[in-house]
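> return atomic coordinates for the entry below.
(4 chains)
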Amino acid sequence: MAKITVEQERCKGCGICIAFCPKKVIQLSKNLNPKGFFPAELINEKECTGCAICALMCPDVAIEVYRQEREKK
Amino acid sequence: MKILMKGNEAIGEGAIRAGCRYFFGYPITPQSELPAYLAEKFPSIGGVFLQAESEISAINMVYGASCAGVRVMTSSSSPGISLKQEGISYLAAAELPCLIVNVMRGGPGLGTIQPSQSDYFQATKGGGHGDYHLIVLAPHSVQEMVDLTYLAFDLADQYRNPAMILADGILGQMMEAVELKEYASEIPHKNWAVGKSQGRKRNIITSIYIDPKVLEQHNLRLQAKYKIIKAHEERAEEWMKEDAEIIIAAYGTVARIAKSVIKKAREKGIKAGLIRPITLWPFPDKYFQDLGKIKRILTVELSSGQMVEDVRLAVNGRIPVEFYGRMGGMVPSIEEILEQIEKINSQIERVKL
Amino acid sequence: MKKVFERPKSLTDVHFTYCAGCTHGMIHRMVAETIDELKIQDRTIGVSPVGCSVFAYEFFNFDMVAASHGRAPAVATGLKRSLPECIIFTYQGDGDLAAIGTAEIVHAATRGENITVIFVNNAIYGMTGGQMAPTTLIGQKTETTPFGRDARAHGYPIRIAEMLATLEGSSYIVRTSTHNPQNVRKTKLAVKKAFENQLNNKNFNLVEILSTCPSNWGLDSIQSLKWLEENMIPYFPLGEFKNI
Amino acid sequence: MQEDLIIAGFGGQGIMLIGQLLVYSALEENKNVLWMPSYGPETRGGFANCTVIISNEEIGSPIVAHPQSMIIMNLPSLDRFEDELIPQGLMIVNDSLINRKIKREDINFYLIPATEIADNLGNAKAANMVDLGAYLKIKNVVDFTLTEKTLEKFFANNSSLIELNKKALERGAQEIAKETLKP
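This is a model prediction of the structure:
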């Protein structure tokens, strides 16, 4: 269980997160943000592993990553 | 107790006594004794002396240290001061206090190392880009090299504005007796400085205001500050002015020569006196308001005529303001200036007839 | 779910004013994260340059000083000498550091100033609209080299990291890149080391980071990362040039 | 009372030193003093000259175009400054290094073979003190023994130099006592 949130107003729709997402679970929204960009959004939460590569590569630090804490065995 | 010091060293000693512990500079004649003095004295009192790779670097090191809130200075001579102008504009814009010493030499260009006053415009009208002023102090003795160094640091801190001491090679090189008065002021706390934040709001020091409306407001604030400085800090020495018919207006070394001229003129029955601006900016206009019996003013400078423009503005056409100057490192003799005074005196006589 | 990646505290909330896809923002994040991780936010002072990152003081959430063009290392010198207990870094582009400010960076390095320099090299002048930089590649077209940079007319691109590594006063000189996640991670490690070194009083530290300029290169974000990899890295090899 | 003096010679003759000796001594007598070197490239190896002003009043101009007195230590200095001395001014000349006659007829000059005298005392470099001794004997702008005391402070680290320089000062003064000196 993992997910990302993209701060819609901060995103400039550069698409770098999309290009590097290993699971291809991010795409550009169809709605313009106030800056005039189509921001990125998570489209498939089930597939997101929370690997954070998108956040690592995001030039606008617009992505936060959440992950289920692993149960200690 | 008085001790003998060279003018350049006296500025160094004055700076130490005023609590300055940071010097950044680049070698140039004829101010070399000042950095040499500090290079020797600073290590034992925890000061930082750094010979930079250029005047440009040096003034920007001053900028950095001033941001940190410490008392800091640099010193140079004319061509080096030209190189520093960009940094000086930034210091003025960011309202950073510091002391800049210019021991002027003959220009333009590389010129000569001999004394000159041809950087008056550069010092008092801004020098770098933008609408700004430095506080400019002009000593005329080794004693004043110390006293005005104290004052320059105080005014710089008080008004958050860079201050300049504008001297020349003669004042820098000559040796006179100095009384090293106790430095009495306190260095103010600078809550705007950067450093360990310890919970306070972050401080930003910058001079960029990309929005013209905001930049205009910043400029208006600077201009309001300059107005306050002008109202409170005009300084000049009046010497034998009371009954004078002819006034010499001169600063620095030339004012010293003028005093000798005035003595000789009075031996010849000419009522001469002196107004010696000590603050070149703000220019001491108020000393030129009550002209009394004064019929003519002779401005004498080691330049083609720079301060004379401010004298004329102050006098505003009420009486004639003449000019006599030498350039390129040449210094007029007492006799030379006396001749000018006698000429002016004869013209006044003719008017009377 | 637990938040595992968030904006560092050492960044303000202000939106970056960089173009879409410009890697300046990644580098800002890595600097800010490093400062958070080292717990030095309350004693770090950044020096912003003139160039695209002229407004860096808006984005970093600690004391900042804006320098004139090229002089950031001199300003940092003045700061570090008067605040030795503070952590001082400059953030400079290729025009600022490698053209107008060459003297300042060389001499700060050779003096062994105990500062950290983040040098962002994208082979072009961004802010002024895409003119030739000292690091513009041979053949690269810019506003001022419309037929491509010709070595005979414009000289050769300057390799700053290699040059500064020869100086006695430098202690850590490294070149990294931002073109893929693996290299971004390496960049972060380098940035962190360059700050740790300063904490340990290890003279002069510089991280040269290859970066993109989609707007002035005339490429989109992804093409830019690829262009960087294919064109810049062969001339500006990645790696540590000095680590003592 | 104001005394203006120019001391001139070549670098290494101790020109600056005797000027400073004078002003340090005069300061002890609470007089106003000013010492100014000629500065710049010309002071390196070539010309060396300084101006000394001692006064009971505030000192005006630091530039003295036409001084009341001169100590001239070599020929180029004589060529350069001879015309500048005021009429009836005093000129002490190091005759050892000057092979021409004084042109001015309206001044008081004393030809002293200072370098020879100093050489006989053991060190030709003390010629400056010989000329200073002669100058002080005539002008008495500062007390002679006070100047000797200042000299002791200047050379506090080297007692042999103190003795040599004191002897040279005295020999200079004795030269003046010889009436035959004046042409």
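
> okay, CA-based contacts and neighbour counts for the rest of this
OK.

> contacts only, for residue 59.
All of this is about chain A. Applying C-alpha atoms under 8 Å, 6 or more residues apart in numbering or on different chains, we find A:P59 in contact with C:20-26.

> not quite, go with chain D.
B:256, D:32-34, D:53.

> go again with 10 Å.
B:141, B:176, B:256-257, B:259-260, D:2, D:32-34, D:53 (C-alpha atoms under 10 Å, 6 or more residues apart in numbering or on different chains).

> and these as a markdown table, adding distance to chain C?
Listed next are the contacts of D:I59 as a markdown table, based on distance: C-alpha to the nearest C-alpha, whole Å:
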| residue | distance to chain C |
| --- | --- |
| B:S141 | 31 |
| B:E176 | 33 |
| B:R256 | 37 |
| B:I257 | 40 |
| B:K259 | 42 |
| B:S260 | 44 |
| D:Q2 | 48 |
| D:N32 | 40 |
| D:V33 | 39 |
| D:L34 | 37 |
| D:I53 | 42 |
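
> which parts of chain A sit against chain C?
Chain A has residues A:1-5, A:9-20, A:37, A:50-69 near chain C, with proximity defined as C-alpha under 10 Å from any C-alpha of the partner chain.

> among the residues you listed, which are located in helices?
A:16-20, A:53-57 (DSSP state H).

> following the chain onward from the longest helix seen in chain B, which element is next?
Counting residues, the longest helix in chain B under DSSP H turns out to be helix B:212-233. Downstream of helix B:212-233, the first helix or strand assigned by DSSP states H and E is strand B:236-239.

> so the next helix or strand after that next one, near chain D or not?
Next along the chain after strand B:236-239, taking DSSP H and E as the criterion, comes strand B:246-249. No - using C-alpha under 10 Å from any C-alpha, strand B:246-249 stays clear of chain D, with a minimum separation of 13.8 Å.

> in strand B:246-249, what's buried?
For strand B:246-249, the neighbour count (16 or more other C-alpha atoms under 10 Å in any protein chain shown) marks B:246-249 as buried.

> following it, which helix or strand shows up next?
The first helix or strand that comes after strand B:246-249 along the chain, using DSSP H and E, is helix B:252-267.

> name the helices or strands packed onto that next one?
Here helix B:252-267 touches strand B:162-168, helix B:169-173, strand B:236-239, strand B:246-249, strand B:272-277, strand B:296-301, helix B:334-352, going by 3 or more C-alpha pairs under 10 Å, 6 or more residues apart in numbering or on different chains; DSSP states H and E.

> mind redoing it with 8 Å?
strand B:162-168, helix B:169-173, strand B:272-277, helix B:334-352 (3 or more C-alpha pairs under 8 Å, 6 or more residues apart in numbering or on different chains; DSSP states H and E).

> so which of the ones you listed comes closest to C:P234?
Among the helices and strands packed on helix B:252-267, strand B:162-168 comes nearest to C:P234, with 47.7 Å by C-alpha to C-alpha.

> that closest one pairs with which strands?
strand B:98-104 (parallel), strand B:135-137 (parallel) (DSSP bridges).

> these into TSV, with extra columns for mean pLDDT?
Shown next, in TSV, are the strands paired with strand B:162-168 (pLDDT from 0 to 100):
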stretch	mean pLDDT
strand B:98-104	98
strand B:135-137	98
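
> so who does residue 13 touch?
Picking chain A for this. A:28, A:37-40, C:20.

> wrong one, chain D
Counted by C-alpha under 8 Å, 6+ apart, D:Q13 has contacts D:73, D:125, D:127-128.
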